[in-house]
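Colleague: This is a predicted model, with the sequence first.
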Amino acid sequence: MKTIPNFPITSNNKGTAKSKPVVELRNDFINRIQNRTAKIGIIGLGYVGLPLMWTFHEKAFPVVGFDVDQDKIDNIESGTPYIKHLGYDMMEKLAESDRCSATISFSKLREMDAIIMCVPTPLNPYREPDMQYVEQTTQAIAKHIQKGQLIILESTSYPGTTDELIIPTLEKASGMKSGKDFFVAYSPEREDPGNPNFNTAKIPKVVGADGADALAVACSLYDAIVVETVAVSNNKTAEAVKLTENIFRSVNIALVNELKVVFQEMGIDIHEVLDAAATKPFGFMKFTPGPGLGGHCIPIDPFYLTWKAREYEQNTRFIELAGEINTSMPDYVIERTIKALNAHYKPVNGSDVLIVGLAYKPDVDDLRESPTFKLMDLLKEYGANVSYYDHYIPEIWETREHKEWTGLKTVAWDEETISSFDAVIISTNHSDINYQELADWNDVIIDTRNAMKDVNPRTSNQIWKA
């Protein structure tokens, strides 16, 4: 279903001799979208770009994926999955299709009608936006940009990124003008890896753009592949929408994390409280506590706004307090682990500790910003010997932030192995783990996800909630 924008889909210079070229560019582009001849280029073939590539392919568009990682290109060409939850079937069909290809050659961008950027936007060590990937990608596009192309950023960023960084870079390098010679838009990604109910095509798309013509072009593109497009007045608004979505989650998760600590001291089970509160049919939305925040969005995105707000001499105290609470959760988990070991007459120093679940959420192999890494770092600082179990991640690959754990492999899931550890911390509650076996095999279990709620413990102090 298409959402009709409340903005005029006409040229800003309607009726003048100058307006004719951009109107023709707009109409030609929309015609190519409607007849499925528009060529779509997607830069960044990770957790956002690869599903988007598949969605365009499913909707009968010719699509080319661009990435600097040759391994990803080779995997796409061979049909080898490198993001497990997306499955073998999708990769095989992409490899076999004559409408799909992947390359590291950015010169082919000049052949595209639409170019969509799905690149990382991390934070630097000072919690400031690290825009190097957006900047480098924009510069690469600028070398090959053609008249009439549509350039879209999907990466989450601060309000102003598209207008203040991308458009000036493209205009300076090309000598052309956005809104006259080419089109620029922003449409935030809303992927939820591993969610069986919402894939890319089923999630409404918010779209902002640089002018009415660009908005019409961008909406026509997304109308062709997603269930609904939601047009907003400009790029900054669209950028703010994505930040607001994730700040909402961050703040509410911080609230239940704080309640967890308070209720634990009172002898109250936070999960029982939340389950009961969730029966109210209005005025309450359930969020669940955990060992910290993970994934590319929630631990990072709020700080894009706090950084940008300082430019306007505004303080974001609520957001920063939520970040403080959420980032303190790994320390709380370790504190509970120390108490659990002490209750069994064991020090954390020298103990063998197993962490169950490396991925940041259940049933995926996505370890971006996983709080498990912080738990591992803290345990190591306390002198513990750290191992992990995660059948979705047999071996830890190199990441930007946690290179010291590269190459560490998962332990086996069997009684001899699991029982050999002094303590087990459940960091990620994968649904296909047999938690009763865990209770049968190990004497000290620290549960950060309420994963052990249905098991039968062997002793009163075997399972510790954290």
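Modeller: Good, I have the coordinates.

Colleague: residue ranges with poor pLDDT in the stretch 1-150 of the chain?
Modeller: For the stretch 1-150 of the chain, the stretches with pLDDT under 70 are 1-20.

Colleague: residue boundaries of the strands in it?
Modeller: 40-43, 63-66, 100-103, 114-117, 150-153 (DSSP state E, counting those that start in this stretch).

Colleague: Can you redo the ones you listed as a markdown table, where the extra columns are mean neighbour count and distance to Asn429?
Modeller: For glycine as for every other residue, the C-beta is placed from the backbone atoms N, C-alpha and C. As requested, those are exported to a markdown table (neighbours: other CB atoms under 10 Å; distance: least, CB to CB, whole Å):
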| stretch | mean neighbour count | distance to Asn429 |
| --- | --- | --- |
| strand 40-43 | 27 | 32 |
| strand 63-66 | 26 | 33 |
| strand 100-103 | 19 | 34 |
| strand 114-117 | 26 | 34 |
| strand 150-153 | 26 | 34 |
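
Colleague: got those strands as a markdown table, with distance to Leu243 columns?
Modeller: Output for the strands of the stretch 1-150 of the chain, formatted as a markdown table (distance: least, CB to CB, whole Å):
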| stretch | distance to Leu243 |
| --- | --- |
| strand 40-43 | 22 |
| strand 63-66 | 26 |
| strand 100-103 | 30 |
| strand 114-117 | 17 |
| strand 150-153 | 14 |
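
Colleague: Of those, which is nearest Phe182?
Modeller: strand 150-153 (6.6 Å; CB to CB).

Colleague: the helices in the stretch 251-400 of the chain, which residues?
Modeller: Shown for the stretch 251-400 of the chain, the helices assigned by DSSP state H, counting those that start in this stretch span residues 270-277, 301-311, 317-327, 329-343, 371-381.

Colleague: Need the phi and psi values for Thr200.
Modeller: Per-residue torsions, Thr200: phi -60, psi -40 (degrees, to the nearest 10).

Colleague: Identify the residue nearest it in space, chain neighbours excluded?
Modeller: In space, and not counting its chain neighbours, Thr200 is closest to Thr55: 4.3 Å by CB to CB, 6 or more residues apart in numbering.

Colleague: And for Tyr304?
Modeller: In space, and not counting its chain neighbours, Tyr304 is closest to Tyr158: 4.3 Å by CB to CB, 6+ apart.

Colleague: My read is that that neighbour contacts Asn235, right?
Modeller: No - counting by CB atoms under 8 Å, Tyr158 stays clear of Asn235, with 11.4 Å between them.

Colleague: And these two? Which one has more around it.
Modeller: Between Tyr158 and Asn235, counting by other CB atoms under 10 Å, Asn235 is the more crowded of the two (28 against 23).

Colleague: residue contacts, the more buried one?
Modeller: 162-163, 184-186, 208-210 (CB atoms under 8 Å, 6 or more residues apart in numbering).

Colleague: Could you measure from it over to Leu165?
Modeller: According to CB to CB, to the nearest Å, Asn235 and Leu165 sit 11 Å apart.

Colleague: Please apply the same query to Gly49.
Modeller: Distance of Gly49 to Leu165, given as CB to CB: 20 Å.

Colleague: ok, now Glu324?
Modeller: Taking CB to CB, one finds Glu324 at 29 Å from Leu165.

Colleague: Comparing the two, which residue is more hemmed in?
Modeller: Comparing Glu324 with Leu165 by neighbour count (other CB under 10 Å), the higher total belongs to Leu165, at 17 against 10.

Colleague: quick one: contacts for that one?
Modeller: By CB under 8 Å, 6+ apart, the residues touching Leu165 are 131, 134-135, 138.

Colleague: Check Gly87 too.
Modeller: Taking CB under 8 Å, 6+ apart, we find Gly87 in contact with Pro81.

Colleague: For Thr147, which non-adjacent residue is closest in space?
Modeller: Slight slip there: residue 147 is Lys, not Thr. Nearest residue to Lys147 in three dimensions, chain neighbours excluded: Asp181, at 5.1 Å (CB to CB, 6+ apart).

Colleague: For Arg26, give me its contacts.
Modeller: 11, 183, 213, 216-217.

Colleague: count of residues packed around the nearest residue to Glu258 once chain neighbours are set aside?
Modeller: With sequence-adjacent residues excluded and distances taken as CB to CB, 6+ apart, Glu258 is closest to Ile325, at 5.4 Å. Neighbourhood size, Ile325 [other CB under 10 Å]: 20.

Colleague: isn't Ile325 right next to Val256, touching?
Modeller: No - with contact defined as CB under 8 Å, Ile325 does not count as touching Val256 (9.9 Å).

Colleague: which residues touch the residue nearest to Glu258?
Modeller: 254, 257-258.

Colleague: let's see it at 10 Å
Modeller: Taking CB atoms under 10 Å, 6 or more residues apart in numbering as the criterion, Ile325 is in contact with 250-251, 253-258, 261, 293, 332.

Colleague: so how far is Lys361 from it?
Modeller: Separation of Ile325 from Lys361 (CB to CB): 19 Å.

Colleague: From what I see, Asp67 and Ala102 are in contact.
Modeller: Yes - between Asp67 and Ala102 there is a contact under CB atoms under 10 Å: 7.0 Å.

Colleague: quick one, phi psi at Asn197?
Modeller: Here Asn197 shows phi and psi, under degrees, to the nearest 10, equal to phi -90, psi -20.

Colleague: How about the contacts made by it?
Modeller: Shown in contact with Asn197 (CB under 10 Å, 6+ apart): Ile203.

Colleague: mind checking pLDDT for it?
Modeller: Here the pLDDT value assigned to Asn197 is 85.

Colleague: Ala212 now?
Modeller: Confidence score, pLDDT, at Ala212: 97.

Colleague: how close does it get to Gly267?
Modeller: For Ala212 relative to Gly267 (CB to CB), the value is 60 Å.

Colleague: Which one's more surrounded, these two?
Modeller: A direct count of neighbours by other CB under 10 Å for Ala212 and Gly267 places Ala212 higher, at 19 against 6.

Colleague: Settle this for me: that one is touching Ala185, isn't it.
Modeller: No - in this structure, Ala212 is not within contact of Ala185 by CB under 10 Å, at 11.5 Å.
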